[in-house]
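Student: The following comprises the amino acid sequence and a computationally predicted model.
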Amino acid sequence: MSSTGFPRAGFLVRIGAIVYDFLVVLAVLMFAVAVALAFSVALDKTGIWPLGEAVDHADRLSGSILYTLYLLTVLFGFFALFWHRGGQTLGMKAWRLRVQNENGKRISWKQAFLRSVTAIVGLGNLRVIWAKDKLAWQDKIAKCEVVRLTPEANQFKNWKEQQR
């Protein structure tokens with residue numbers, strides 16, 4: 001039980017939120033790829049960075065470290081933004097989960113970044129299965145917790161007021 005009165009989230013509800021968020025993240029990454037492809041086309045059409053012989057836009061992007069860093073930034077940024085702003089991604093909102101500090105306040109940008117980098121595609125949540133404190137590895141590293149909210153506490157207006 002958290003000091004805020006909400007129980008810490010168990011393994012199965014965390015996995016439910018991860019599956020839900022996977023679909024959202026897939027859509028966000030598809031949009032990010034479309035933006036990158038449009039940018040590549042614009043660079044080619046304006047003559048700033050024309051395509052070489054037998055090279056298409058997908059080839060140009062797939063071999064670029066900048067493109068990889070861009071996609072990782074979009075991915076980490078998605079989670080960090082949601083976790084820092086309101087403590088919930090869309091999947092967490094659907095499963096009534098919130099990431100927070102032990103005092104119930106929102107996590108910092110540093111904590112959100114640490115959490116997103118150390119989550120390792122959700123594998124850190126395996127620790128919740130055997131740990132008495134119900135903290136995943138990313139929770140321990142970022143010094144935060146994931147709690148299961150009541151339906152009333154899960155309403156947008158309630159957590160928004162708590163963050164002030």
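Tutor: Thanks, I have it.
Student: so how far is Gly10 from the residue nearest the centre of the chain?
Tutor: Nearest to the geometric centre of the chain sits Phe79, at 2.1 Å (CA atoms, centre = their mean). As for Phe79, its distance to Gly10 is 20 Å (criterion: CB to CB, to the nearest Å). Every residue, glycine included, has its C-beta placed from N, CA and C.
Student: Reduced to three states, what does the residue lying farthest from the centre of the chain come out as?
Tutor: The centre of the chain is farthest from one residue, Glu53, which by CA atoms, centre = their mean lies 38.3 Å away. Here Glu53 is recorded as coil under DSSP: H, G, I helix; E, B strand; the rest coil.
Student: ok, it - contacts?
Tutor: With contacts defined as CB atoms under 8 Å, 6 or more residues apart in numbering, Glu53 has no neighbours.
Student: per-residue confidence for it?
Tutor: pLDDT, Glu53: 81.
Student: next one: Trp137
Tutor: 96.
Student: cool, the one 4 residues further on as well?
Tutor: Reported pLDDT at Ile141 in the predicted model: 95.
Student: looking at this, it is in a helix?
Tutor: Yes. According to three-state DSSP, Ile141 belongs to a helix.
Student: So the residue nearest to the centre of the chain versus Asp21, what's the distance?
Tutor: Phe79 is 8 Å from Asp21, by CB to CB.
Student: Repeat that for Asp139.
Tutor: 16 Å.
Student: same question, Ala119
Tutor: 11 Å.
Student: Quick one: the strands in this structure, in order.
Tutor: 97-100, 145-148 (DSSP state E).
Student: Looking at those strands, which one is packed in the most?
Tutor: Mean neighbour count (mean count of other CB atoms under 10 Å) peaks for strand 97-100 among these, with a mean of 26.
Student: any idea of the mean pLDDT in it?
Tutor: Strand 97-100 comes out at a mean pLDDT of 97.
Student: Against which helices or strands is it packed?
Tutor: Judged by 3 or more CB pairs under 8 Å, 6 or more residues apart in numbering; DSSP states H and E, the packing partners of strand 97-100 are helix 11-45, strand 145-148.
Student: Now with 10 Å, please.
Tutor: helix 11-45, helix 65-85, helix 90-94, helix 109-118, helix 137-142, strand 145-148, helix 156-162 (3 or more CB pairs under 10 Å, 6 or more residues apart in numbering; DSSP states H and E).
Student: any chance of these in JSON lines, with distance to Ser2 too?
Tutor: JSON lines is the format used below for these (distance: least, CB to CB, whole Å):
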{"stretch": "helix 11-45", "distance to Ser2": "14"}
{"stretch": "helix 65-85", "distance to Ser2": "16"}
{"stretch": "helix 90-94", "distance to Ser2": "15"}
{"stretch": "helix 109-118", "distance to Ser2": "16"}
{"stretch": "helix 137-142", "distance to Ser2": "11"}
{"stretch": "strand 145-148", "distance to Ser2": "5"}
{"stretch": "helix 156-162", "distance to Ser2": "13"}
